[in-house]
Structures are given as C-alpha cells and as structure tokens.
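> okay, predicted coordinates and the sequence, questions at the end:
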Amino acid sequence: MEKNVFDYIVIGAGSAGCVIANRLSAEPRRSVLLIEAGGPDRHPLVQLPMLMGKLMHSRIYNWQYKTEPEPGLNGRRIYWPRGKVLGGSSTINGMIYVRGNRRDYDRWSQLGLSGWSYSEILPYFRKSEGHVERRDAFHGAEGSLTVCRARGKNPLFELFVEAGRQAGHPVNDDFNGEEQEGFGRYDFTIRDGKRCSASKAFLHPILDRPNLAIATHALTQRIVVEGGRAVAVEYTQGGRSLRARADREIILSAGAVNSPQILMLSGVGDADELAAHGIKLACHLPGVGKNLQDHVDVCLVYQVVKPITLYSDLRVDRLVPALLRGFLFGEGVATTFPYEGGAFLKSRPGLESPDIQAHFMPALEKTANLHWPKLFDKARVEDNHGVTIRVGPLNPESRGAIMLRSAKAEDPPRIFANYLGTEFDKQTTIAGVRMLRDVMAQKAFAGVLGKELAPGPALRTDSDLRHWLKGASGTTLHPVGTCKMGHDPMAVVDEKLKVRGLEGLRVADASIMPIISSGNTNAPTIMIGEKAADMVLQATG
C-alpha cells in the first residue's frame, strides 16, 4: 500500500465536507486530503436548476439507494437518491435554502449540547451565506454560498400565497428570518441562473491550493484505529488500495447513510452487529446507524383548467431555446426550480412553531418532464395542466436505522426508514392534507382549479386518508440523525462532534442531528460544516 501523511483527512466532499476542506486548508501550513467516492461535478445537467429532476432519477452522480420494504408504506421500497460527486447531494438537490426553525437548535441546546442554540449557530449560517438581495441581521452578504430569492414568473405561485392568506395564514417573505410560519416563496442556492452547490461555492475557488489534495472516485474502506485513536484511512482508487495517515484529525462527512456505514466498517458500532459481519470491534457505540429520521410527505394534485402551468414551458420546441438561454445568459425558466412556492403551518392552535411544511409546484408530477408538442391532440387542457403540493410533518416521531449489508464497502447498506411508524406522524400528515385542501378551496383559485386528482374528492375520512397514505407517501430526501450528537448511551458524538470513546475522529454532516431540523436540510448541513471546521481549528490550531 502507498502511504501519504496529512494534517487532516476529510472523508466525503458533500455539503459539510466541502466547507471543512475549504476552512482547514486556508492556512498554507496545514495539509488536507479530501476523499470523495464520486467524481468531479462537470456534467452539464448539474448546472441548470430546471434539470434537477433528471439528475434525481438518473445514474449521474447518484448512489441510487433504496430502502428496505417499508411496513408503513405497503411494503414499498422507497428510492433514495444521494449525491456521489464533488458537492454531494447539493450537486443534485432542489437547491432550496431553508435553515429550519430557531426552536430546533434551542431544543438541541436544551439536550445539554452547549454551543448549538440558535443564537450560537446563526453566525455560522451568516458566514457561509452570500445573499444577493436580503440585507438584515439574519442574513450574510459576503459568504461563498450564493443565495437568492425565487426567480419563477408563473402566476400560480402568487395565487398559492394569496389562497394561504385567504385561509387565515400569515404571508411570509422570508422563511429564514424572524419567523418561519406562513405562505411565501423559498430562497435558493442559485448563482447567475446556475446551481451554486457546496462544491461550486467552497471547492472550485480553491482547487489550486497546493496544501489541498482531492482524491475522487475513491471509495473509503475503513478508518484505521490504533490504541483508541483514529490514525489513517484506507480507500480504493483506480483498482489500487491506498492508505493515508492523519497527524491531527480525521473528519467523517459522508452523510447520513455513508457516515454510519464507514464507522461500522471500521469497527465502531454495536458490538453484536459488527460481530455478525466478522468485523473486529474498535469501539462499542450502539447508536451508530440508529436514530434515522427523514421528512415523509405526500402529494396533493389538482387539475388546472387554463394553460398557465409549467407544462407549456416544457415542450421540446420551447425548452431547448430556454436551456440555451439559461446556459448562455443565466435567464429564463430553465434557471428556476419548479417547487418555488412554500408554506410552514401550525396544525393546531397553541403550537410554538410550525409542524407542517408544503412545497408547491405549478405542474402535475406526471407532466413535469420534457415532451414533444402534440399538434393534433384534442385532449382537454386540464389533462396536462395542474398543480402539485407536497405536504408532510416537520417533526416526525418515527425513527429508523442504517445497517450493514455486509463487511464490504462496495455493498450498499440496508436502509430502514420506518416512515409513518407512529400514530403522531400519520395524524400530522393527515392534518396537513386537510389544511392544504382548505387553502386550495379558497377564492384565489376560483376559475383556475379543476378536479382534485389526489387524494381525490371521494377520500374524506381519516380512515380513507390513512389507507391512501400507505400507497402515496414518500421521502422528502432529508435523512439525518444516524450518528447523533448527545450525552445519552445512544449518542455517537459529543457537542464538539468528537466520536465518543475515540481520539482523533469527528463526524460532521447531517448524521449528527439529534432531532431533524424543521425544513430542507442542506443549509443546516453547511452550517454544521462551518461550525465543525471552527471547532477543529480551535482544538488543533
């Protein structure tokens, strides 16, 4: 095996790993190796926001995981696209920038995790952020991660917000500001009409740093532990087995699926589970892979009786020029993400913070794809034009797990999401469906909406909707929590993100969340990367 020595080794060039590699290598005297299982983010589909759906369902830069059969979802295996590329899932995601609710982080602090209250983590959000328009105490303007307001011009977005107002909900111009509740439009990590991934923001500008080495197409096999300290990483690249040593620290940032997998392959996890795969125990931590949380959601779908949805823009003869306009000038519909409308709602009076999130798209899921114009088609307008609203609980109680399939890094781990595994999650999801039905019935949509396609007008009772949820629910693609931060026996890392019982090893990504944040998880993961880098530098200089 070849041997290389670095001050720091970062495993995973995802949303947190890119930030950490950037911050640690800022001092020329510190050497950093960044190991990524995927390749460079050069594919043109990465660039334009409208093409995100193609990325999610392609093999491009994608682990293409699936859960094990889900008991609460009629035994269905749910598709989990996860980024396998520089930038990780930020290179294939929907680019929605949501930090979560301030109470999320105050709850973390109340668990005894000092340094993680909202007031303490807000500076890290602001440090990364380079917002194009917003200028206030909640936003940063100088950060590397470009954030902008929604760019779409479709009139249905404004109707959605107005319908929310008519239903008695607040209108909210900034979900990352003073309050999260209300109807509005999301902010996005888009720069000049192109995706601003973690790689584009934090890695591309520093690729010429001589003290930063980046190993792509490099699959981590295990972290080497000697005498209770993580000292090296073994990985394969181009058919070769390589070993790199870390003189100071190893930071594991491979995400909520791969971080626990790598720990277990390294002998860090539940002793009995590791023994079942013939893996030598390095540190007994039964919480590795447990506490898996994800946002489940379900789609409400309505016909639209006027030709004003995105379907008209997605004809080949219109979209091809739009793509060229987007690539060349950063303008037009191709530079927008379809789910620009949003809402954070309280399902019942007395709640301190929202417990329901909605994403609104002015298109039917089945027609939100490239298609040829139908010159002789006599179909009704509403057969192709519609709107889709994804709705689900922000604070699910259900907990799942990531488990090894084998002792080989090449074999995907087993994913048990346990969606709708509690009565609370079912009730909250149904409450969200009822609230959004009420919104869509407001006069703002009079003369615009046709038939409700899903769940469908015949499904009204809780019993009807519970049955429907089993066949219709899916993931919002926000897995977290599998290397949770805490002080209880199932905690994997402490508040400094140090792996309990070991020296020289931290985990820094969405897997450390003890409780899932209220909303899309990319922005919180970048914040975790910022805070982790700061803690590493404070500890090692």
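Great, that's in hand.
> make it CA atoms for all contacts and neighbour counts henceforth
Fine.
> for the closest residue to Lys290 other than its chain neighbours, give its distance to Ile11.
Spatially, and ignoring its direct neighbours in sequence, Lys290 is nearest to Ala401 (4.5 Å; Cα to Cα, 6 or more residues apart in numbering). The gap separating Ala401 from Ile11 is 21 Å, by Cα to Cα, to the nearest Å.
> related to what we said a few turns ago, neighbours of the residue nearest to Lys290, just the number please.
Using other Cα atoms under 10 Å, Ala401 is surrounded by 20 other residues.
> how about the one 5 residues further on?
Close neighbours of Ser406, defined as other Cα under 10 Å, add up to 17.
> just Arg437 next, same as before
Arg437: 15 neighbours (other Cα under 10 Å).
> quick check: it is in a strand.
No. Counting by DSSP: H, G, I helix; E, B strand; the rest coil, Arg437 falls outside a strand, being helix.
> mind showing which ranges of the stretch 401-541 of the chain have poor pLDDT?
Scanning the stretch 401-541 of the chain for pLDDT under 70 picks out the ranges 541.
> follow-up on the earlier one: I'd say the residue nearest to Lys290 and Ile415 touch.
Yes. Using Cα atoms under 8 Å, Ala401 and Ile415 qualify as a contacting pair, with a distance of 6.3 Å.
> give me the common contacts of those two.
The contact sets of Ala401 and Ile415 do not overlap (Cα atoms under 8 Å, 6 or more residues apart in numbering).
> ok, residues contacting the strand or helix carrying the residue nearest to Lys290?
Taking DSSP states H and E as the criterion, Ala401 maps to strand 401-403. For strand 401-403, the surrounding residues in contact (Cα under 8 Å, 6+ apart) are 257, 260-261, 289-292, 413-417, 482.
> so, low pLDDT: which residues of the chain?
In the chain (pLDDT under 70), the answer is 1-3, 367-378, 541.
> one more pass at 80, please.
Counting by pLDDT under 80, the chain has low-confidence residues at 1-3, 53-55, 314-317, 319, 366-379, 382, 541.
> could you point out the longest strand in it?
Using DSSP state E, we find that the single longest strand of the chain is strand 240-252.
> just the residues contacting it, thanks.
For strand 240-252, contacts defined as Cα under 8 Å, 6+ apart pick out 1-12, 230-236, 259, 504-509, 540.
> what's whichever helix or strand comes after it packed up against?
Next in sequence after strand 240-252, counting helices and strands by DSSP H and E, comes helix 255-265. With contacts taken as 3 or more Cα pairs under 8 Å, 6 or more residues apart in numbering; DSSP states H and E, helix 255-265 sits against strand 218-226, strand 401-403.
> go with 6 Å
Packing partners of helix 255-265 (3 or more Cα pairs under 6 Å, 6 or more residues apart in numbering; DSSP states H and E): none among the helices and strands.
> quick one: it to strand 218-226, angle?
50 degrees (axes from the mean of the first three to the mean of the last three Cα atoms, to 10 degrees).
> got a list of contacts for helix 255-265?
Residues outside helix 255-265 that contact it (Cα atoms under 6 Å, 6 or more residues apart in numbering): Arg222, Val288, Gly289, Val480, Thr482, Asp509, Ala510, Ser511.
> hey, C-alpha coordinates of that helix in PDB?
In PDB, the C-alpha atoms belonging to helix 255-265 read as follows (Å, rounded to 0.1, in the frame of the first residue of the first chain):
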ATOM      1  CA  GLY A 255     -23.700  11.800   5.100                       C
ATOM      2  CA  ALA A 256     -26.500  10.200   7.000                       C
ATOM      3  CA  VAL A 257     -26.100   6.900   5.000                       C
ATOM      4  CA  ASN A 258     -22.400   6.600   4.400                       C
ATOM      5  CA  SER A 259     -21.000   8.000   7.700                       C
ATOM      6  CA  PRO A 260     -22.500   5.300   9.900                       C
ATOM      7  CA  GLN A 261     -21.600   2.700   7.300                       C
ATOM      8  CA  ILE A 262     -18.000   3.700   7.300                       C
ATOM      9  CA  LEU A 263     -17.900   3.800  11.100                       C
ATOM     10  CA  MET A 264     -19.300   0.300  11.300                       C
ATOM     11  CA  LEU A 265     -16.900  -1.000   8.600                       C
END
